[in-house]
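Colleague: Pasting the sequence and the predicted coordinates here, then a few questions.
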Amino acid sequence: MIQLMSRWGEKLDRENVWKEYPRPGLFRYSYFNLNGEWEYCINKSEYTDRYDGKILVPFSPESALSGVGRQVEPDQFLHYKKCFHMPDHFREGRVILHFGAVDQECEVYLNGTWLGGHKGGYLPFHFDVTQALQEENVLTLCVTDHTEKLPHARGKQKLVKKGKFGSLFYTPQSGIWQTVWMECVPPDYIEWVKITPLYDEGAVRMRIKAVHAGTSQKNGDVKNKCECAAKEEMDTDCAHIMILDGDQVVAQADADPEHDVVIRLLNVHSWSPEDPHLYDVKIKLGEDEVISYFGMRKISVGRDKNGILRFFLNNQPYFFNGLLDQGYWPESLMTPPSDEALAYDIKKLKEMGYNTIRKHVKIELERFYYHCDRLGMIVWQDMPNGGGEYNMVFVTYLPNLSDRFARGMKDHNYKMFRRRDKEGRSQYYRDLTGMVKQLYNYTCIAAWVPFNEGWGQFDARKATIKLRRMDGSRLINEACGWFDQKGGDMHSIHNYNRRLVTKPASDRVVALTEYGGYAYPVKGHTACEKSFGYRHYSSSEELTDNYRRLWEEEIFPNVERGLSAAIYTQVSDIEEEINGVMTYDREIVKLDTKTVNDLNQRLYADFRCVADR
């Protein structure tokens with residue numbers, strides 16, 4: 001593989017790596033960033049008394065930016081060590097240690113005290129480390145990563161790639177891949193806030209979860225030994241909530257933790273990709289204060305003026321038009337090289353006229369969703385796939401050949417779908433619950449996608465029921481592409497090889513959730529000699545002409561036949577897969593930007609003529 005480097009990787013300051021506050025939806029001024037150089041060791045033992053060298057956290061050892069460039073195998077252990085001195089302002093109250101994400105399983109120690117373990121490579125977790133802290137501290141981790149050898153969520157990561165469709169999978173990564181950080185909180189503090197816009201009521205509903213003095217604090221799939229007392233509900237102190245529109249306070253309320261409070265707003269300013277207006281929120285509980293935000297928007301399904309089911313945004317028919325986004329970078333894999341790089345993709349897609357990103361089988365850094373909120377970009381959020389090693393003939397070859405085959409197959413056959421491991425199925429639901437809880441407040445998210453193309457799919461209707469209970473405010477794409485179980489809000493179509501002709505569905509909205517995949521290798525900007533795409537072209541002009549042809553023949557004609565969403569594959573090239581609208585290093589936009597923008601604006605105009613009430 002040829003090592004490409006983006007402009008952000010080239011100018012990386014190793015002394016200031018990912019210093020931005022990692023959790024924009026619940027901000028505190030107390031913040032101690034632990035990114036930077038750590039010591040590491042890769043061996044075949046759970047223990048180590050020696051280290052191989054330095055690794056730059058939060059980049060995985062498989063990535064170039066980490067300084068390691070070495071694959072962690074399923075039978076190996078990845079050890080981390082970080083020595084640090086506590087800041088002077090972390091002297092009172094409690095100290096919480098946060099990990100953005102560690103792939104896949106880890107055990108965490110501070111000054112020889114076992115804090116706990118975590119399972120699952122995509123979700124954050126944290127520990128109350130108050131009792132284990134000293135003036136000088138040693139933080140260590142022991143990590144294992146089995147990728148496809150265990151049924152954990154793994155997304156596009158694969159150790160061994162075989163066959164034609166092996167190019168759809170990418171270099172796996174291990175260990176810490178998101179920010180490690182600490183915050184200081186009072187004895188009584190706010191753990192999280194749940195914010196739900198009630199668009200039709202001109203109000204917002206909030207619920208605050210607080211932790212009481214003297215209780216332990218842990219989250220997610222974490223087992224914690226540092227403090228063992230159970231959490232207690234705070235039922236005496238009241239939280240004060242203040243909502244601001246810019247500098248102006250527009251609403252205030254007091255709320256009992258653990259109980260919903262509904263706050264009405266006057267002259268509601270809606271959020272949309274065209275006008276991404278956000279309200280700020282300040283919440284004070286005793287000595288603790290956090291800052292959050294929200295957008296006022298409503299996602300729903302309704303019928304247009306012709307009686308066809310459509311997606312609606314803020315009670316108006318809306319066409320979700322965007323790209324599939326894998327979130328990979330050549331020098332840093334699933335960790336963007338910088339916050340500026342993370343925002344670049346969103347800005348570039350906005351410039352081209354798209355309004356939607358389907359975040360594909362990856363839970364992104366929280367700052368991604370923050371940037372989508374503030375810049376105005378809808379997100380369809382996939383659950384990362386897991387399970388055993390897939391039978392690609394069953395889940396990819398045959399469905400591509402016969403849509404009828406795929407839509408007629410029930411997904412309770414755990415053997416065929418590689419979901420025979422009972423604990424793996426339980427882990428899936430824990431991860432699904434964690435994903436929804438983590439991302440619930442982000443305005444940009446319009447849809448949950450629990451399964452993609454049969455990769456580890458099982459009992460999809462049950463997943464939809466669970467998602468409805470957790471979040472009834474968003475759409476669900478139950479089984480994206482094929483192996484349709486007739487649930488959710490979308491009749492989802494993946495179409496790369498056949499002429500697309502749609503017709504309105506009686507019970508769900510028709511959505512083209514993957515299409516295109518046109519490949520054009522740009523000399524000097526490809527990472528692999530082998531290349532994959534559904535059709536190949538040799539210049540930007542040829543690629544753009546055929547992209548225009550595809551829209552003229554298959555997108556525009558189907559709008560009046562019920563088509564209400566289109567997700568093109570994909571944002572950027574990745575390794576062997578060269579079907580991006582940008583090169584892997586993001587240096588070249590392969591499609592002509594003006595042509596694409598003109599097509600997008602025509603699509604929105606056509607849709608308004610067909611669907612507006």
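Modeller: Structure's in. What do you need?
Colleague: Would you indicate which residues of stretch 603-613 are buried?
Modeller: Applying a neighbour-count criterion of 16 or more other CB atoms under 10 Å, one finds 603, 606-607, 610-611 buried in stretch 603-613. Where you see a C-beta, it was placed from the backbone N, CA and C, and this is true even at glycine.
Colleague: my bad, should have said stretch 105-125
Modeller: Of all the residues in stretch 105-125, those buried under the rule 16+ other CB under 10 Å are 105-110, 115-125.
Colleague: quick one on the thing from earlier: return the member of the buried residues of stretch 603-613 nearest to Glu201.
Modeller: Proximity of those to Glu201, judged by CB to CB, is greatest for Ala611, which lies at 25.2 Å.
Colleague: What score does that closest one have for pLDDT?
Modeller: Among the per-residue scores, Ala611 shows a pLDDT of 95.
Colleague: Next: Val509.
Modeller: On the pLDDT scale, Val509 gets 98.
Colleague: and it, bridged to which residues?
Modeller: Beta-bridge partners recorded for Val509 (DSSP bridges): Met490.
Colleague: if I look at Lys164, how far off is Met392?
Modeller: In this structure, Lys164 and Met392 are separated by 9 Å, where distance is defined by CB to CB, to the nearest Å.
Colleague: Quick check on these two: which one has the bigger neighbour count.
Modeller: More crowded of Lys164 and Met392, by other CB atoms under 10 Å: Met392, with 17 against 10.
Colleague: Please identify which pair of the buried residues of stretch 603-613 lies farthest apart.
Modeller: Within the buried residues of stretch 603-613 (distances taken as CB to CB), the two that end up farthest apart are Leu603 and Ala611, at 11.6 Å.
Colleague: Can you pull the residues that touch both of these two?
Modeller: The contact sets of Leu603 and Ala611 overlap at Phe319 (CB atoms under 8 Å, 6 or more residues apart in numbering).
Colleague: Show me the helices in the chain, by range?
Modeller: Under the criterion DSSP state H, the chain carries helices at the ranges 7-10, 339-352, 366-375, 392, 398-401, 403-407, 422-439, 460-470, 540-550, 556-559, 593-611.
Colleague: got the buried residues for the fifth one?
Modeller: Which is helix 398-401. Judged by neighbour count (16+ other CB under 10 Å), helix 398-401 contains these buried residues: 398-400.
Colleague: would you turn these into CSV with pLDDT and distance to Ala153?
Modeller: What follows is these, written out as CSV (pLDDT from 0 to 100; distance: CB to CB, whole Å):
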residue, pLDDT, distance to Ala153
Leu398, 83, 24
Pro399, 85, 22
Asn400, 79, 24
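Colleague: from those, which is closest to Gly456?
Modeller: When the buried residues of helix 398-401 are ranked by distance to Gly456 (CB to CB), Pro399 comes first, at 14.7 Å.
Colleague: I figured that closest one hits Phe405, correct?
Modeller: Yes - under the criterion of CB atoms under 8 Å, Pro399 lies in contact with Phe405, with a separation of 6.5 Å.
Colleague: Give me the pLDDT for Asn314.
Modeller: Asn314 is assigned a predicted lDDT (pLDDT) of 98.
Colleague: Does it touch Gly295 like I think?
Modeller: No - in this structure, Asn314 sits apart from Gly295 without contact. The criterion is CB under 8 Å, and the distance is 10.4 Å.
Colleague: what about the two, which has more around it?
Modeller: Of the pair Asn314 and Gly295, Gly295 is the one with more neighbours under other CB under 10 Å, namely 23 against 16.
Colleague: For His269, see how far away the more buried one is.
Modeller: Between Gly295 and His269 the computed distance is 9 Å (CB to CB).
Colleague: which residues are contacting stretch 499-506?
Modeller: Counting contacts by CB under 8 Å, 6+ apart, the residues outside stretch 499-506 that touch it are 308-309, 491, 493, 510, 512, 515, 553-554, 558, 561-563.
Colleague: Format these as JSON lines; extra columns: neighbour count.
Modeller: JSON lines is the format used below for those (neighbours: other CB atoms under 10 Å):
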{"residue": "Ile308", "neighbour count": "21"}
{"residue": "Leu309", "neighbour count": "22"}
{"residue": "His491", "neighbour count": "24"}
{"residue": "Ile493", "neighbour count": "24"}
{"residue": "Val510", "neighbour count": "21"}
{"residue": "Leu512", "neighbour count": "25"}
{"residue": "Tyr515", "neighbour count": "20"}
{"residue": "Glu553", "neighbour count": "12"}
{"residue": "Glu554", "neighbour count": "20"}
{"residue": "Asn558", "neighbour count": "19"}
{"residue": "Arg561", "neighbour count": "14"}
{"residue": "Gly562", "neighbour count": "22"}
{"residue": "Leu563", "neighbour count": "27"}
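Colleague: Now the two most distant members of these.
Modeller: For the contacts of stretch 499-506, the farthest-apart pair by CB to CB is Leu309 and Glu553; their separation is 23.9 Å.
Colleague: Which of the helices of the chain sits closest to Glu587?
Modeller: Using CB to CB as the criterion, the shortest distance between Glu587 and these is 7.1 Å, found for helix 7-10.
Colleague: Mind listing what's buried along stretch 327-340?
Modeller: 327-339.
Colleague: So for the spatially closest residue to Tyr397 that is not a sequence neighbour, what's the pLDDT?
Modeller: For Tyr397, the nearest residue in space outside its immediate sequence neighbours is Phe165; the separation is 7.4 Å by CB to CB, 6 or more residues apart in numbering. If you check Phe165, the pLDDT there is 86.
Colleague: Where does pLDDT dip in this protein?
Modeller: Applying pLDDT under 70 to the chain flags the ranges 214-236.
Colleague: Closest one of the buried residues of stretch 603-613 to Pro172?
Modeller: Leu603 (37.0 Å).
Colleague: give the contact list for the spatially closest residue to the closest one that is not a sequence neighbour.
Modeller: If you skip the residues right next to it in sequence, Leu603 has Asn321 as its closest partner in space, 6.1 Å away by CB to CB, 6+ apart. Remark: with contacts taken as CB under 8 Å, 6+ apart, Asn321 is in contact with 354-356, 565-566, 600, 603-604.
Colleague: Can you add distance to Arg28 and give the residues you listed back as a markdown table?
Modeller: Output for those, formatted as a markdown table (distance: CB to CB, whole Å):
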| residue | distance to Arg28 |
| --- | --- |
| Tyr354 | 34 |
| Asn355 | 32 |
| Thr356 | 32 |
| Ala565 | 37 |
| Ala566 | 40 |
| Asn600 | 39 |
| Leu603 | 42 |
| Tyr604 | 40 |
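Colleague: Can you turn the buried part of those into a PyMOL selection?
Modeller: The command below creates a PyMOL selection of those among the contacts of Asn321 that count as buried (16+ other CB under 10 Å):
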select buried, resi 354+355+356+565+566+600+603
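Colleague: Now flag whichever of the contacts of Asn321 is closest to Arg425.
Modeller: Out of the contacts of Asn321, the one with the shortest distance to Arg425 is Ala565. That distance is 29.2 Å, counting by CB to CB.
Colleague: Tell me the spacing between that closest one and Leu4.
Modeller: If you measure Ala565 against Leu4 using CB to CB, the figure is 32 Å.
Colleague: excluding its backbone neighbours, what's nearest the residue minimising distance to the centre of the chain?
Modeller: Averaging the C-alpha coordinates of the chain gives a centre point, and the residue nearest to it by CA atoms, centre = their mean is Ile363 (2.7 Å). The shortest distance from Ile363 to any non-neighbouring residue, by CB to CB, 6+ apart, is to Tyr122 (4.2 Å).
Colleague: got it, and Ile308?
Modeller: Spatially, and ignoring its direct neighbours in sequence, Ile308 is nearest to Pro504 (4.6 Å; CB to CB, 6+ apart).
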